[in-house]
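Engineer: Sequence first, then the predicted structure:
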Amino acid sequence: MITKIICEIEANTSFLVTTHEGPDGDAVGSTMALTSFLRARGKDVTLYYSDQMPDTYRFLPLSSSVVHTIPDRDYDVCFVLDAGELKRAGKEISDFRRFGKIINIDHHPYCEEFGDLNYVDPSASASGALIYRILKTAGYTIDYDTALYVYVAIVSDTGSFRYSNADPEAFQISGELVALGINPWSVAEKLYESQSLKRLELLALALSTLTVSKTGEYASITVTLDMYQKTGATSELTDGFVNYPRSIHGVEVSVFFREIKQGAFKISFRSKGKINVSSLAMAFGGGGHHNAAGFTLLGSLDEVRKTVFSYLDQAF
Ligand SMILES: [Mn+2]
């Protein structure tokens, strides 16, 4: 599959590169690594995200070339990375048909085969690792910026090498990137030690909603629309909030309720490892990984909480 993808790259000239809504570190890192490779090959590349990316990633050199509107033109190939399903790339991409081929590169276990080519490997730590394999196979000499993108992708998706997907390949690739000049502390400082005050103020409000189940096996926090108003924070700043309830001793699954509009909530699950939250989320029409999954529910906060908690009570 890697060879087929490289052939498509060689044979074509214009590329649209995109990823899922609410881009995270892997989404940003993998698309930027691919973009810098394609541009180094003299290709004409548009890097498009349906949503704004979190400020955290603004230090990445290619962040200035990200667009949020698809240009009115045709492309030979559309790359969709780390998306799981095409609709997660946003409505503009799902409706966009002005490309010859679509290439899907992903590591989600239940990735829909929506591409003309599908390079899906759930055993990979990050989509960034899949891009790295392609770049190496293509014989590309990884420059500093590309190394930075791949490193950000892997660090983000492995929770700084703490999650079970931090496999030998994740360490091996990262080792090569560090040898190329990547400084783990300076990246960590950018990603984790440069929070805005607004984010911490929002987190304080979110933590005040903490609930723990009777058995102590799951815990939740909530962010509502009025909390954004109170703090002046935006939804991008909630990235990582879901991990706090999970950090409690004995809690296996954390639940994060995030109000996306009046009467609609995005629910994220994070597992410590014993529970497969991807199958829990599938019961609600969502999906994800063993340790991280999500879905959307309509209703008031009380209704949504009741639905999710009674399902979890049964599941446990
Ligand atoms: Mn990923």
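Structural biologist: Sure thing, it's come through.
Engineer: CA only for contacts and neighbour counts going forward, please
Structural biologist: OK.
Engineer: pLDDT score for His289?
Structural biologist: According to the prediction, His289 has pLDDT 84.
Engineer: what's next to stretch 27-47, contact-wise?
Structural biologist: Under the criterion CA atoms under 8 Å, 6 or more residues apart in numbering, residues 9, 13-20, 53, 57, 62, 65-67, 81-82, 127-129, 131, 135, 140, 145-153 lie in contact with stretch 27-47.
Engineer: again, but for stretch 257-268
Structural biologist: Contact with stretch 257-268 is made by 220-225, 242, 254-256, 292-301, 304, as judged by CA under 8 Å, 6+ apart.
Engineer: Show me where the stretch 1-150 of the chain has its strands.
Structural biologist: Applying DSSP state E, counting those that start in this stretch to the stretch 1-150 of the chain gives strands spanning 14-19, 44-48, 66-67, 75-81, 99-106, 117-120.
Engineer: my bad, the stretch 151-300 of the chain
Structural biologist: Secondary structure of the stretch 151-300 of the chain (DSSP E, counting those that start in this stretch): strands located at 211-212, 218-223, 253-261, 264-271, 287-288, 292-298.
Engineer: Could you pull out the buried residues of the next helix or strand after the last one?
Structural biologist: Right, the one you point to is strand 292-298. Next along the chain after strand 292-298, taking DSSP states H and E as the criterion, comes helix 301-315. The neighbour-count check on helix 301-315 (16 or more other CA atoms under 10 Å) flags Leu301, Val304, Arg305, Val308, Phe309 as buried.
Engineer: Just give me the closest of those to Val178.
Structural biologist: Taking CA to CA as the measure, Val178 sits nearest to Val308 out of these, at 42.3 Å.
Engineer: per-residue confidence at Asp55?
Structural biologist: Asp55 is assigned 86 on the pLDDT scale.
Engineer: what's the spacing between it and Ser268?
Structural biologist: Distance, Asp55 to Ser268, by CA to CA, to the nearest Å: 21 Å.
Engineer: Pick out whichever of the two has more residues nearby.
Structural biologist: Ser268 (24 against 14; other CA atoms under 10 Å).
Engineer: give me the residue from the stretch 101-250 of the chain nearest the ion.
Structural biologist: Relative to the ion, the nearest point of the stretch 101-250 of the chain is Ala126 (4.7 Å; CA to the ion).
Engineer: surely Pro184 meets Val178?
Structural biologist: Yes - the pair Pro184 and Val178 passes the contact test of CA atoms under 8 Å, sitting 7.3 Å apart.
Engineer: still on that earlier bit, mind putting the buried residues of helix 301-315 into a markdown table with distance to Leu38 and pLDDT?
Structural biologist: Converted to a markdown table, the buried residues of helix 301-315 look like this (distance: CA to CA, whole Å; pLDDT from 0 to 100):
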| residue | distance to Leu38 | pLDDT |
| --- | --- | --- |
| Leu301 | 45 | 97 |
| Val304 | 44 | 98 |
| Arg305 | 45 | 97 |
| Val308 | 44 | 97 |
| Phe309 | 46 | 97 |
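Engineer: average pLDDT across stretch 25-40?
Structural biologist: Per-region confidence: stretch 25-40 scores 98 on mean pLDDT.
Engineer: Give me the buried stretch members for that stretch, please.
Structural biologist: By neighbour count on 16+ other CA under 10 Å, the buried set for stretch 25-40 is 25-38.
Engineer: and the gap between Lys261 and Tyr228?
Structural biologist: Distance of Lys261 to Tyr228, computed by CA to CA: 12 Å.
Engineer: quick one, which of the two is more surrounded?
Structural biologist: Tyr228 (18 against 11).
Engineer: I'd say the more buried one and Thr234 touch.
Structural biologist: Yes - Tyr228 is within contact range of Thr234, at 5.9 Å (criterion: CA under 8 Å).
Engineer: now the helices for this structure?
Structural biologist: Using DSSP state H, the helices of the chain run over residues 2-11, 25-40, 91-95, 127-137, 144-157, 168-179, 184-192, 197-207, 225-231, 243-246, 277-282, 301-315.
Engineer: so which of these gets nearest Tyr119?
Structural biologist: Checking these against Tyr119 by CA to CA gives helix 2-11 as the closest, at 7.5 Å.
Engineer: Walk me through the domains of this protein.
Structural biologist: Per the record, the chain has its domains at 2-192, 197-315, by automatic domain parsing.
Engineer: what does the chain put close to the ion?
Structural biologist: Residues of the chain lying close to the ion (CA under 5 Å from the ion) are Asp26, Ala126.
Engineer: lowest-pLDDT helix or strand in the chain?
Structural biologist: Among the helices and strands of the chain, strand 287-288 carries the lowest confidence by mean pLDDT, DSSP states H and E, at a mean of 87.
Engineer: Tell me the helices and strands packed up against that one.
Structural biologist: Contacts defined by 3 or more CA pairs under 8 Å, 6 or more residues apart in numbering; DSSP states H and E place strand 287-288 against helix 277-282, strand 292-298.
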